[in-house]
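[1] Predicted model and sequence follow; I will ask about them next.
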Amino acid sequence: MTALYTASATATGDGRNGHVRSSDGVLDFDLAIPKEMGGPGGALTNPEQLFAAGYAACFHSALKRVASTQKITLVDTAITVDVGIGALPSGGFGLSVTIEAELPGLDEATAKAVLDAAHQICPYSNATRGNVEVQLNLA
């Protein structure tokens, strides 16, 4: 694969209770472990929120591309991505992802077909396939 764009970010400090900064400085903020994982929580983000935001935006673009190529009009769509983190039975930690699509105006069969097709072309879906359990839902 030839990369069309490469993002770069650096983490410093204490990992999940540290700091991240993108190479261009657009992202530049502290992180905190969520209270549910024994951290301070509060008004700071965490890696799972960042992953969920990136996946949601990327998947939404893939969905719109699929609809466009199939000449399907989408109106007021939204993609919500939930990212879970937990211990794996084999040791270490893993992620789970649930993608919920709001596709008003589409019948269920068409909505499911567009959702499944988007899951095949989304770079985040391709990166996680076979490594992370991803569940697709229609709202």
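    That came through fine.

[2] Which pLDDT value goes with the residue located most distally from the centre of the chain?
    Distance from the C-alpha centroid of the chain, by Cα atoms, centre = their mean, peaks at residue 71 (25.5 Å). What the model reports as pLDDT for residue 71 is 97.

[3] Distance of it relative to residue 110?
    12 Å (Cβ to Cβ, to the nearest Å). All C-beta atoms are positioned from the backbone trio N, CA, C, and that covers glycine.

[4] Show me the helices in this protein, by range?
    Counting by DSSP state H, the chain has these helices, from start to end: 47-69, 108-121, 123-128.

[5] now the ones you listed as CSV including mean neighbour count?
    Listed next are the helices of the chain as CSV, based on neighbours: other Cβ atoms under 10 Å:
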stretch, mean neighbour count
helix 47-69, 18
helix 108-121, 16
helix 123-128, 16
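
[6] Nearest to residue 139, out of these?
    Closest to residue 139 of the helices of the chain is helix 108-121 (Cβ to Cβ; 9.4 Å).
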